[in-house]
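Undergrad: Let's see this in three dimensions:
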Amino acid sequence: MNLQVILFLASIVFLSSKLVFADSVYIDMVRVDGEDAAGPLGAIWAVDSWFLTLVTLNFKLSDVPSGSYQVRLHEMPDCDKPGDVYNPYGDFPGQRIGDLLSEMVPKNGALTGIYGIKPPTLTAEAHKLTVIEMRGHALLLHSGGNDDVLACGVVREGEWEDPR
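TA: Next comes the predicted model:
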């Protein structure tokens, strides 16, 4: 076998291992507002994407009131005092790196599905958000166009697996 074939096969193994062993974290989301405060709302599974998006978020949230929601990553790992929206590189036109998703609307009280997060701008390619970077921060589900928060989950340090 020549060297080119060996290098080609080695690169296939390397790339496939990156796809199979991508970093991921399972984030338990709890209510922070209303009668059921501190009650479970569901979970979000964050997985590093090796394609055009930053991180893929798999939502499994139930009992979500009707309305419009945004998902934001905040500076601190504390649901009571999450700090500002995570933005270590400064503002890009129209978006901070911690502004993950907007205008999410639940169907029949559930937010489910897989959503890819894209860089704030095409020039922000060097500032891709990764699961490793998300650890040690709070993930908040904001309601409406304001700062009201329905749910929060802390992206904890360490390794987690999907408990399904």
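Undergrad: where along this protein do the strands fall?
TA: Using DSSP state E, the strands of the chain run over 24-31, 40-48, 55-61, 69-74, 99-104, 111-116, 137-143, 149-155.
Undergrad: Next, format the ones you listed as a markdown table and append distance to residue 87.
TA: Backbone N, C-alpha and C define where each C-beta goes, glycine included. Below are those laid out as a markdown table (distance: least, Cβ to Cβ, whole Å):
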| stretch | distance to residue 87 |
| --- | --- |
| strand 24-31 | 20 |
| strand 40-48 | 18 |
| strand 55-61 | 16 |
| strand 69-74 | 9 |
| strand 99-104 | 8 |
| strand 111-116 | 20 |
| strand 137-143 | 11 |
| strand 149-155 | 16 |
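Undergrad: Mean pLDDT added to those strands, as JSON lines?
TA: Output for these, formatted as JSON lines (pLDDT from 0 to 100):
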{"stretch": "strand 24-31", "mean pLDDT": "89"}
{"stretch": "strand 40-48", "mean pLDDT": "88"}
{"stretch": "strand 55-61", "mean pLDDT": "87"}
{"stretch": "strand 69-74", "mean pLDDT": "91"}
{"stretch": "strand 99-104", "mean pLDDT": "82"}
{"stretch": "strand 111-116", "mean pLDDT": "84"}
{"stretch": "strand 137-143", "mean pLDDT": "92"}
{"stretch": "strand 149-155", "mean pLDDT": "92"}
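Undergrad: mind putting those strands in TSV, mean neighbour count included?
TA: Output for the strands of the chain, formatted as TSV (neighbours: other Cβ atoms under 10 Å):
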stretch	mean neighbour count
strand 24-31	19
strand 40-48	20
strand 55-61	20
strand 69-74	22
strand 99-104	17
strand 111-116	15
strand 137-143	23
strand 149-155	22
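Undergrad: which one of these lies closest to residue 130?
TA: With respect to residue 130, and counting by Cβ to Cβ, the nearest of the strands of the chain is strand 40-48 at 5.5 Å.
Undergrad: which other helices and strands contact the closest one?
TA: Under the contact criterion of 3 or more Cβ pairs under 8 Å, 6 or more residues apart in numbering; DSSP states H and E, strand 40-48 touches strand 24-31, strand 55-61, helix 131-134, strand 149-155.
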